[in-house]
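1. Turn this into a model:
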Amino acid sequence: MDYTIIDAHAHLWLRQDTVVDGLPIRTLENGRSEFMGEIRQMLPPFMIDGVNSAEVFLSNMDYAQVSAAVITQEFIDGIQNDYLSEVVSRYPDRFFICGMCEFRKPGFLEQAKELIAKGFKAIKIPAHRLLLKEGRVMLNSEEMMEMFHYMEDKGILLSIDLADGATQVPEMEEIIQECPDLRIAIGHFGMVTRPDWKEQIRLARHSNVMIESGGITWLFNDEFYPFKGAIKAIREAAELVGMEKLMWGSDYPRTITAITYKMSYDFVVKSSELTEEDKRLFLGENARNFYGFTDLPVLPYIKNMSE
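-> Got it, this is the predicted structure:
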């Protein structure tokens, strides 16, 4: 393959056992989870023990020729800091990990400092989960801003998923203004199928901000493979901020209940609407530079039994 491929948005967990918005999320069997009042196929059904491990992901990555991945976090999976520390110690050249704090109540600044002291190079905020019934947690609150300044001083990256549209964009503008050297990766491609998604993309006009496309295939699930709407959105985003500000992400493993892992990026490879340079930048080169990946493996192409 002519491209170095890096996944800028994936998840790992040993077990889901948490509560979000008062509703439980718990691992069941055969890849299913109790998810906020219903049973959902969280993982492919052959992952019968519900463990979303680094080793299974690496097997998928190797077959799909994905050299490295950024492991982000989400409240629906529970806080996985301890497991991710183990993962990066075993596979330091394949994974970049994000630590996550309990941002839904005060006290997260000290948690962030502890994570940074333990070696985490990024902090993840699932900001779309902070619009709480009991009151919204503002991204520009005093404790948040103190944390962002601390991260900026320490060279720690911010990974963040925002609520739909422009809901949290003014807060992000203030953060970017106050912390011009804080590197920021905004996830889910601005929730691209929702109104005003380009307001999030425009944040990448700032030099320290990147956009990653984790979840773009589930956002375009209604049209399905080869996701022509997603290709159109990638081109529109590139017209706004430049292809050098955009990174591919899969949102593994949730997306592979509908498609294979390789399908989560090869619709980009096969597209005739993107140039070879577009593909090189989007699929890996931008992420390599932004996250500082080095010593990446060269993975061979392995024919499957359908070929």
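2. quick one: the helices in the stretch 151-300 of the chain?
-> 169-178, 197-201, 216-219, 228-241, 263-269, 276-280, 286-291 (DSSP state H, counting those that start in this stretch).
3. Return the most buried member of those helices.
-> helix 216-219 (a mean of 24; mean count of other C-beta atoms under 10 Å). Where you see a C-beta, it was placed from the backbone N, CA and C, and this is true even at glycine.
4. Output the helices of the stretch 151-300 of the chain in CSV, with mean pLDDT and distance to residue 252 appended to each entry.
-> Listed next are the helices of the stretch 151-300 of the chain as CSV, based on pLDDT from 0 to 100; distance: least, C-beta to C-beta, whole Å:
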stretch, mean pLDDT, distance to residue 252
helix 169-178, 98, 26
helix 197-201, 98, 22
helix 216-219, 95, 10
helix 228-241, 98, 16
helix 263-269, 97, 7
helix 276-280, 98, 20
helix 286-291, 98, 14
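5. Save those as a markdown table, and put in distance to residue 128 too.
-> Formatted as a markdown table, the helices of the stretch 151-300 of the chain follow (distance: least, C-beta to C-beta, whole Å):
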| stretch | distance to residue 128 |
| --- | --- |
| helix 169-178 | 12 |
| helix 197-201 | 11 |
| helix 216-219 | 13 |
| helix 228-241 | 19 |
| helix 263-269 | 21 |
| helix 276-280 | 28 |
| helix 286-291 | 22 |
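6. Out of the ones you listed, which is closest to residue 87?
-> Closest approach to residue 87 among the helices of the stretch 151-300 of the chain (C-beta to C-beta): helix 286-291, 15.3 Å.
7. picking up where we left off before, do you know which of the helices of the stretch 151-300 of the chain lies nearest residue 105?
-> Of all the helices of the stretch 151-300 of the chain, helix 169-178 comes closest under C-beta to C-beta, at 18.3 Å.
8. distance between the closest one and the chain's centre?
-> In terms of C-alpha atoms, centre = their mean, to the nearest Å, the centre of helix 169-178 is found 20 Å from the chain centre.
9. Output the contacting helices and strands for that helix.
-> Applying 3 or more C-beta pairs under 8 Å, 6 or more residues apart in numbering; DSSP states H and E, one finds that helix 169-178 contacts helix 142-154, strand 184-186.
10. Could you report the pLDDT at residue 60?
-> Note for residue 60: predicted pLDDT of 98.
11. I should have written residue 1 there, sorry.
-> 65.
12. go on, residue 244?
-> 98.
13. what about it, neighbour count?
-> Neighbourhood size, residue 244 [other C-beta atoms under 10 Å]: 17.
14. What of the one 5 residues further on?
-> A count of nearby residues for residue 249, using other C-beta under 10 Å, gives 28.
15. I figured it hits residue 9, correct?
-> Yes - under the criterion of C-beta atoms under 8 Å, residue 249 makes contact with residue 9 at 2.8 Å.
16. So for those two, which residues contact both of them?
-> Taking C-beta atoms under 8 Å, 6 or more residues apart in numbering as the contact rule, residue 249 and residue 9 both touch 70, 187, 212-215.
17. Tell me the one of those residues nearest residue 116?
-> Checking these one by one against residue 116 (C-beta to C-beta), the nearest turns out to be residue 70, at 17.0 Å.
18. what bridges to that closest one?
-> Under DSSP bridges, the beta-bridge partners of residue 70 are residue 96.
19. now it: how far from residue 143?
-> Between residue 70 and residue 143 the computed distance is 25 Å (C-beta to C-beta, to the nearest Å).
20. now do residue 173
-> For residue 173, the distance to residue 143 - C-beta to C-beta - is 19 Å.
21. before we move on, what about residue 237?
-> Taking C-beta to C-beta, one finds residue 237 at 32 Å from residue 143.
22. sorry, back to before: who wins for proximity to residue 193 among the helices and strands packed on helix 169-178?
-> strand 184-186 (15.7 Å).
23. any chance of the shared contacts of residue 249 and residue 9 in a markdown table, plus neighbour count, distance to residue 147 and pLDDT?
-> Shown next, in a markdown table, are these (neighbours: other C-beta atoms under 10 Å; distance: C-beta to C-beta, whole Å; pLDDT from 0 to 100):
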| residue | neighbour count | distance to residue 147 | pLDDT |
| --- | --- | --- | --- |
| 70 | 27 | 20 | 98 |
| 187 | 29 | 18 | 97 |
| 212 | 28 | 21 | 98 |
| 213 | 28 | 26 | 97 |
| 214 | 29 | 22 | 95 |
| 215 | 22 | 25 | 91 |
